[in-house]
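Chemist: structure of the sequence below:
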Amino acid sequence: MENKKILIVDDESDFVELMQVRLETSGYSVLTAHNAAEAMQKVKEKPDVILLDIMMPDVDGYTLFRRLRKDCDTRSIPIIVVTAKPEMEELFQMEGVDKYLVKPVDNEELLSAIKNATDEIE
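Modeler: Modelled structure (predicted):
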């Protein structure tokens, strides 16, 4: 694997740390952001995939998702929603989300979703 870069956007520090360890152990380079403002800064580093939570302070994940999709610099980055809110899956799918995973996330399912998303952009 040629060290794909994953941006994790989630306000739960414990979850971010757990995901970072899981992904780095699997050979990925990881960027983290705890809110939308940080995420907008980190996307400038051109991640290969974004893991996005919905429930965050300031700007929620849905609003951030739409902002990323409207921006010509970020619209092609695959976005995988990772959330505790299963009821919003249909809304995100209508908006064109790449994958929607419900917490707690199975490691194999997560890695498979990331691999599928990165394979599509090669």
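Chemist: in a strand, Ile8, correct?
Modeler: Yes - following the definition DSSP: H, G, I helix; E, B strand; the rest coil, Ile8 is counted among the residues of a strand.
Chemist: does it touch Gln20 like I think?
Modeler: Yes - if you go by CB atoms under 8 Å, Ile8 and Gln20 touch, sitting 6.5 Å apart. Every C-beta, even on glycine, is put in place using the N, C-alpha and C of the backbone.
Chemist: quick one: contacts for the residue most central in space within the chain?
Modeler: Taking CA atoms, centre = their mean, the centroid of the chain lies closest to Leu51, which sits 1.2 Å from it. Leu51 is in contact with 6-10, 19, 80, 82, 114, counting by CB atoms under 8 Å, 6 or more residues apart in numbering.
Chemist: returning to that earlier point: shared neighbours of Ile8 and Gln20, which are they?
Modeler: When contacts are counted by CB under 8 Å, 6+ apart, the set common to Ile8 and Gln20 consists of 30, 32.
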